[in-house]
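Trainee: My questions are about this predicted structure, shown below with the sequence.
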Amino acid sequence: MYEDELVEIIKENTNYKLKNIYFNIQNDEIIIRNIPNINSKRQKEIIQLIKYEIGDHTSLYLQNYVIKYKKIINTKGKGSIQGILFPKKYVDICKSISEKLNIKKKHLYINFDILQKLIDMKVIDLLQDNYEKITIIENRKKDMVLNTVCNKKIIESYVMDKANSQCSINQFSYDNTYYYGINDDFIKSLQIQKLDLKNKLVLNNNEKIVDITVDNLLAWGMIV
């Protein structure tokens, strides 16, 4: 099984007892929907609204998902709710890995949550005007995560295959688009700015100091 192989890799490459383990994941199976003009403040009612909104547009079996939400914009008692559907199978995999490593504390993050955390901590300074939209791309080997930021809040986040991305990428203004993650030929061809951070994660290889913050942003962001 996948988790058994991963547990063995961790054990083989770790020479000390682990106290905590952190997981981060975002793929096309994680569903994020924004629902505007929510009046209710009761959790049960909001969850039902999310189920209705998602179920009205897709044929998902909602019992296979963990449903969470957060309020992203407040306007005189009304606000937009960001509903997040996270597949239970990934929760079970992370739980299994933790138990096999005999680690009680588990932390599971979605990638864009870590990015939002760094924005809230002002580690990332976007220098945007209120309600000006900015796109932040997490560049990965085969795909990328596109995050739309408005008023310093991530209002949309989705995964896109690089092979089918050019049409959607052309919708964005390169002046308001930044990236983090791997620096490959794909991201170089877009000629967009690297995300700038106030604090740096550096590697001292005895020859020179190398800034590896953007390459390892999510791993770093989980523990700061």
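Mentor: Received it, and whenever you're ready, just let me know what you need. Just so it is clear, the structure is predicted and the values come from calculations on it, not from any experiment. Numbers count the residues shown, from 1 in each chain.

Trainee: Please enumerate the strands of the protein.
Mentor: Assigned by DSSP state E, the chain shows strands spanning 20-25, 31-38, 65-75, 78-87, 105-110, 133-139, 143-150, 153-161, 177-181, 193-194, 202-204, 209-211.

Trainee: list the buried ones in the first one?
Mentor: The one in question is strand 20-25. I21, F23, N24, I25 (16 or more other Cβ atoms under 10 Å). Backbone N, C-alpha and C define where each C-beta goes, glycine included.

Trainee: What of the fourth one?
Mentor: Within strand 78-87, the residues scored as buried using 16+ other Cβ under 10 Å are G79, S80, I81, Q82, G83, I84, L85, F86, P87.

Trainee: Domain map for this structure?
Mentor: 1-103, 111-224 (automatic domain parsing).

Trainee: Next, format those as CSV and append mean pLDDT.
Mentor: What follows is the domains of the chain, written out as CSV (pLDDT from 0 to 100):
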stretch, mean pLDDT
domain 1-103, 81
domain 111-224, 76
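
Trainee: Which of those has the highest mean neighbour count?
Mentor: The highest mean neighbour count among these, using mean count of other Cβ atoms under 10 Å, belongs to domain 111-224: a mean of 15.

Trainee: sorry, back to before: any chance of the strands of the chain in JSON lines with distance to I93 as columns?
Mentor: As requested, the strands of the chain are exported to JSON lines (distance: least, Cβ to Cβ, whole Å):
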{"stretch": "strand 20-25", "distance to I93": "9"}
{"stretch": "strand 31-38", "distance to I93": "18"}
{"stretch": "strand 65-75", "distance to I93": "13"}
{"stretch": "strand 78-87", "distance to I93": "10"}
{"stretch": "strand 105-110", "distance to I93": "10"}
{"stretch": "strand 133-139", "distance to I93": "21"}
{"stretch": "strand 143-150", "distance to I93": "20"}
{"stretch": "strand 153-161", "distance to I93": "18"}
{"stretch": "strand 177-181", "distance to I93": "23"}
{"stretch": "strand 193-194", "distance to I93": "32"}
{"stretch": "strand 202-204", "distance to I93": "30"}
{"stretch": "strand 209-211", "distance to I93": "33"}
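
Trainee: and M222, which of the ones you listed is closest to it?
Mentor: Across the strands of the chain, the minimum distance to M222, taken as Cβ to Cβ, is reached by strand 20-25, at 4.6 Å.

Trainee: For the buried residues of strand 78-87, give me TSV that also has distance to A163.
Mentor: Converted to TSV, the buried residues of strand 78-87 look like this (distance: Cβ to Cβ, whole Å):
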residue	distance to A163
G79	37
S80	32
I81	33
Q82	28
G83	28
I84	26
L85	25
F86	26
P87	24
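
Trainee: Can you say which two of those are spatially most distant?
Mentor: Top of the distance list for the buried residues of strand 78-87 (Cβ to Cβ): G79 and P87, 26.4 Å.
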